[in-house]
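# got a predicted structure plus its sequence, pasted below:
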Amino acid sequence: MTVLTYVFLAAIGAGLGFVIAWLHQRSGSAVLNTRLMMVQQELSVARAEAAKSTQINGQLKSAMDKLETTIILERKAHEEKVALLNQMTEELRESFQALSAEALKSNNQT
């Protein structure tokens, strides 16, 4: 065999090696592209869920603010009722003392 034959065989071997490497690289790229598409879809779903969660969070915060306002108003109304009951109790006590004093005075006079 001549040197030219060896060079020719080496060139063919290098060409086949290049083709095999290119095909292997190409199949790996296809797998990576497929995986990239799946990850992008998962990311889209996660973003949609995050947006929905943010919306729900806003609604819950609004409801919580309303409930806190209601609690404040209810506490104020409760305090007013307690103050009114205390006032009425004191008025009843004074009325009872006045009536009992009057009854005792009337009883002593008779």
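Structure's in. What do you need?
# against E68, how distant is L92?
36 Å (Cβ to Cβ, to the nearest Å). (C-beta placed from N, C-alpha, C; glycine too.)
# check which helix or strand the residue nearest the centre of the chain maps to.
In the chain, the residue lying closest to the centroid (Cα atoms, centre = their mean) is N57, at 4.5 Å. Secondary structure from DSSP states H and E places N57 in helix 3-109.
# now that helix: mean pLDDT?
Averaged across helix 3-109, the pLDDT comes to 87.
# tell me what it is packed against?
Helices and strands touching helix 3-109, by 3 or more Cβ pairs under 8 Å, 6 or more residues apart in numbering; DSSP states H and E: there are none.
# for R47, what are its contacts?
With Cβ atoms under 8 Å, 6 or more residues apart in numbering as the criterion, no residue contacts R47.
# for stretch 2-15, buried residues please.
When burial is assessed from 16 or more other Cβ atoms under 10 Å, stretch 2-15 yields no buried residues.
# now do that stretch: distance to the chain's middle.
On the basis of Cα atoms, centre = their mean, to the nearest Å, stretch 2-15 is displaced by 68 Å from the centre of the chain it belongs to.
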